[in-house]
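Asks: Could you look at this predicted model? Sequence included:
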Amino acid sequence: MKTIHNTALLLLAATVVAAPVSGQEPLGGGFTYQGQIRRQGEPLNDSADFLFTLWDASVDGNMIGAELAAEGVPVSEGLFTAELDFGAAAFNGEARWLEIAVRSPAGEGEYTRLSPRQPLTATPYSLQTRGIFVNAAGNRVGIGTRSPGSSLEVNGGVRARGGPPGGFGVNNNGYAFSGNGGDNDSGMFSSADGLLQFFTNNQEHVRISPNGNVGIGTDNPAQKLDIGGVPGTDGIRFPDGTLQTSAARVRTVQQLHLVRGYWEGFLNGAGFSVSRLGPGDYRITFSNQWASAPTVLVTPVGGLALSATATPEGPSNSNIWRVQLRLAANGTPVDGSFSILAMGVRQ
């Protein structure tokens with residue numbers, strides 16, 4: 001039992017709960033304190049005045065915040081409640097004790113300070129503000145949930161906004177993580193026109209440029225995927241279904257030759273040349289002779305729906321290839337732009 005020095009009053013069980021608020025307003029640092037007082041063993045039925053102070057120790061220590069007064073508090077069957085608010089800053093996760101002084105009837109006599117101080121449970125630390133629930137005793141934070149099961153639990157979508165691309169929390173031009181909820185998918189997007197970089201050990205390793213090119217090991221990707229270094233792979237499957245899993249015929253790395261570029265009415269690339277023979281008819285001449293039949297892929301680019309074919313002129317390892325562009329709808333020859341990707345073993 002908790003006794004009061006030099007008085008017949010007795011403070012029994014005390015509980016602390018988060019103070020309710022009306023409507024949908026968020027909770028602040030306030031809470032409701034409920035206790036029971038007996039006088040000479042009988043529950044008190046009277047009015048009383050209370051003084052509350054918050055401390056950082058059960059004995060001595062430092063007072064935190066200001067003294068709070070609750071006057072004319074009705075006490076029925078020994079039970080009383082008081083709304084207390086020492087401010088959210090008073091609760092930083094460390095232990096707190098409540099010291100109480102009381103006089104009854106209200107407005108009469110001197111205050112008697114109760115001893116010992118009352119330890120506050122974790123409940124006052126459970127604060128909710130704008131949908132954020134903080135439970136300092138459990139070291140947990142919930143956003144969109146009042147019962148977080150982890151150090152941080154978010155129930156709902158998450159969006160992080162930043163200033164310069166990749167910097168979160170400054171303004172509205174950062175990267176956002178989102179999903180549609182229906183397919184349980186998620187993605188990262190940004191309205192900013194900057195690049196996205198990935199660093200480890202304070203060094204950039206992956207870059208996505210504003211035009212969508214991805215660079216691994218290079219900070220200047222010139223293609224949709226540009227690898228600076230030697231990649232390892234179990235195989236390469238080309239759009240025509242060809243799967244290459246071995247380079248058994250390649251004696252050295254230097255013999256494996258890759259040619260890529262564009263024809264847009266003018267040449268954009270190296271290792272080959274393009275000449276126009278007629279509408280939708282082109283000749284590609286590779287600078288090096290192939291040791292065996294290369295894989296040559298020609299892909300139309302631009303707004304027209306075109307089909308493209310690439311065939312060697314002469315033997316399959318010829319360095320001269322014929323490219324024909326046709327309208328996909330009716331096969332009519334038509335000029336257009338196309339990309340070139342050729343890979344094989346050079347002589």
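Replies: That came through, no problem.

Asks: Any stretches of the stretch 151-300 of the chain with poor pLDDT?
Replies: Screening the stretch 151-300 of the chain residue by residue with the criterion pLDDT under 70, one finds the ranges 157-192, 230, 232, 238-240, 246-255.

Asks: all strands for it, in order.
Replies: Per DSSP state E, counting those that start in this stretch, the stretch 151-300 of the chain carries strands over the ranges 152-154, 175-178, 187-190, 196-200, 203-208, 214-216, 225-227, 236-237, 243-244, 256-263, 267-269, 272-278, 281-286, 295-301.

Asks: to the chain's geometric centre, what's the distance from the fourth one?
Replies: Looking back up the chat, that one is strand 196-200. Taking Cα atoms, centre = their mean, to the nearest Å, one finds the center of strand 196-200 at 15 Å from the center of the full chain.

Asks: Next, the angle strand 203-208 makes with it.
Replies: What separates the directions of strand 196-200 and strand 203-208 is an angle of 150 degrees, with axes from the mean of the first three to the mean of the last three Cα atoms, to 10 degrees.

Asks: will you turn the strands of the stretch 151-300 of the chain into JSON lines that also has distance to Gly87 and mean neighbour count?
Replies: (C-beta placed from N, C-alpha, C; glycine too.) Rendered in JSON lines, the data for those read as follows (distance: least, Cβ to Cβ, whole Å; neighbours: other Cβ atoms under 10 Å):
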{"stretch": "strand 152-154", "distance to Gly87": "24", "mean neighbour count": "12"}
{"stretch": "strand 175-178", "distance to Gly87": "34", "mean neighbour count": "15"}
{"stretch": "strand 187-190", "distance to Gly87": "39", "mean neighbour count": "11"}
{"stretch": "strand 196-200", "distance to Gly87": "41", "mean neighbour count": "12"}
{"stretch": "strand 203-208", "distance to Gly87": "45", "mean neighbour count": "14"}
{"stretch": "strand 214-216", "distance to Gly87": "51", "mean neighbour count": "18"}
{"stretch": "strand 225-227", "distance to Gly87": "56", "mean neighbour count": "13"}
{"stretch": "strand 236-237", "distance to Gly87": "64", "mean neighbour count": "12"}
{"stretch": "strand 243-244", "distance to Gly87": "68", "mean neighbour count": "11"}
{"stretch": "strand 256-263", "distance to Gly87": "66", "mean neighbour count": "17"}
{"stretch": "strand 267-269", "distance to Gly87": "67", "mean neighbour count": "14"}
{"stretch": "strand 272-278", "distance to Gly87": "74", "mean neighbour count": "14"}
{"stretch": "strand 281-286", "distance to Gly87": "77", "mean neighbour count": "18"}
{"stretch": "strand 295-301", "distance to Gly87": "64", "mean neighbour count": "17"}
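
Asks: So what pairs up with Phe198 in the strands?
Replies: Beta-bridge pairing of Phe198 under DSSP bridges involves Val206.

Asks: Can you give me the distance of it to Pro231?
Replies: Plainly put, Phe198 is 17 Å away from Pro231 if you go by Cβ to Cβ, to the nearest Å.

Asks: Kindly report the same for Leu256.
Replies: As defined by Cβ to Cβ, Leu256 lies at a distance of 12 Å from Pro231.

Asks: Same question for Asn92.
Replies: Remark: distance between Asn92 and Pro231 (Cβ to Cβ) = 51 Å.

Asks: Ser47 too?
Replies: From Ser47 over to Pro231 the distance is 82 Å, taken as Cβ to Cβ.

Asks: More neighbours: the two, which one.
Replies: Neighbour comparison, Ser47 and Pro231: the larger count goes to Ser47, with 17 against 10 (by other Cβ atoms under 10 Å).

Asks: Spit out the contact partners of the closest residue in space to Pro333 that isn't next to it in sequence.
Replies: Among residues not flanking Pro333 along the chain, Gly280 sits closest, at 3.3 Å (Cβ to Cβ, 6 or more residues apart in numbering). Applying Cβ atoms under 8 Å, 6 or more residues apart in numbering to Gly280 gives the contacts Gln324, Leu325, Arg326, Thr332, Pro333, Val334, Asp335, Gly336.
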